[in-house]
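Peer 1: here you go, sequence then predicted model.
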Amino acid sequence: MRKPLIAGNWKMNGSLALVEQFGRALADARLSSSVEVAVIPPSPYLAAAQAAFDGTTVVLGAQTVNPEAAGAYTGEVSAPMLAEFGVHYVLVGHSERRSLYQEDDMAVLARARAALEAGLMPILCVGETLDERDAGRTEVVVLQQVKAVFDALDARQRRRLVIAYEPVWAIGTGRTATPEQAQAVHAAIRACLVAYDEKLAASSRLIYGGSMKRENAAELLAQPDIDGGLIGGASLKVDDFIAICQSAG
Ligand code: PEP
């Protein structure tokens, strides 16, 4: 019922050559239609990526969005602009945005709303730090991040979100949550969504991120509440990324 989503977040990495390499390789890979695949390159590569993935089922994502549609916000990119390049998903609340650019829950909500208004689907990233996990606060922190956005949206908007559970201590560290740790948090998020609507809880895609790679993807993706992956480092190597997509199908 929930189609797995594998999304590759390139962060501030890549090149035009890499976009073209991915376009060729993902077209040749003939990925299963039972998995949705998204590539999330840096914004300057969106036009090239749109052309490179034309004719494939790969969809495009963006790494951030400004809450405003236009205006004097030097360096920023708006949701209507992203929509013009065929962008489907946009990350909001990634831990690097929260920690490096001080984006708090209100800022995350504003970005999610802007994305929804432009017809994009936000991928809401949530996750606890190592200190918070060690203090036994994982669920409180993660569910608070989810509720800060979900409480403020209406039922139709909530259905358009994907949630990515990304423990901060696992992002880019090579340290992955065990399948049991990840499953436990995904199950807690799904249980939290029941409070809004049972159908929403059953149909929402909850994906895992944090050092997912070809060696551990299958085990994580086999968990009942894990509906895909948000992949950072391993999404830059085309063979690894394709292998992860194949383990979801
Ligand atoms: C990410 O940046 O969302 C991520 C999960 O990174 P990595 O896979 O490198 O841990």
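Peer 2: Yes, it's here.
Peer 1: for the rest of this, base every contact and every neighbour count on C-alpha atoms.
Peer 2: Fine.
Peer 1: please verify my assumption that Gly233 contacts Gly172.
Peer 2: Yes - with contact defined as Cα atoms under 8 Å, Gly233 counts as touching Gly172 (6.8 Å).
Peer 1: max-length helix in this protein?
Peer 2: helix 179-194 (DSSP state H).
Peer 1: check which helix or strand the most centrally placed residue in the chain maps to.
Peer 2: Residue closest to the mean C-alpha point of the chain, counted by Cα atoms, centre = their mean, is Ile123 at 4.5 Å. Assigned by DSSP states H and E, Ile123 belongs to strand 121-126.
Peer 1: rewinding a little: hey, what's in contact with both of Gly233 and Gly172?
Peer 2: Here Gly233 and Gly172 have Ser211 as joint contacts, going by Cα atoms under 8 Å, 6 or more residues apart in numbering.
Peer 1: of these two, which one has the most company?
Peer 2: Set Gly233 next to Gly172 and count neighbours by other Cα atoms under 10 Å: Gly233 wins out with 21 against 16.
Peer 1: how about the contacts made by the more buried one?
Peer 2: Asn9, Trp10, Gly172, Ser211.
Peer 1: what subset of those residues is also close to the ligand?
Peer 2: Restricting these to those touching the ligand (Cα under 6 Å from any ligand atom) yields Gly172, Ser211.
Peer 1: and the longest helix of the chain, what other elements does it pack with?
Peer 2: Under the contact criterion of 3 or more Cα pairs under 8 Å, 6 or more residues apart in numbering; DSSP states H and E, helix 179-194 touches helix 138-150, strand 162-165, helix 198-203, strand 206-209, helix 217-221.
Peer 1: how about the CA coordinates for the longest one, as PDB?
Peer 2: It refers to helix 138-150. The C-alpha coordinates for helix 138-150 follow below in PDB (Å, rounded to 0.1, in the frame of the first residue of the first chain):
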ATOM      1  CA  THR A 138      14.400  10.400  21.500                       C
ATOM      2  CA  GLU A 139      10.700  10.000  21.200                       C
ATOM      3  CA  VAL A 140       9.900  13.300  22.900                       C
ATOM      4  CA  VAL A 141      12.200  15.200  20.600                       C
ATOM      5  CA  VAL A 142      11.200  13.500  17.400                       C
ATOM      6  CA  LEU A 143       7.400  13.700  18.100                       C
ATOM      7  CA  GLN A 144       7.700  17.300  19.000                       C
ATOM      8  CA  GLN A 145       9.300  18.100  15.700                       C
ATOM      9  CA  VAL A 146       6.600  16.100  13.900                       C
ATOM     10  CA  LYS A 147       3.700  17.800  15.800                       C
ATOM     11  CA  ALA A 148       5.200  21.300  15.400                       C
ATOM     12  CA  VAL A 149       4.400  20.900  11.700                       C
ATOM     13  CA  PHE A 150       1.400  18.500  11.600                       C
END
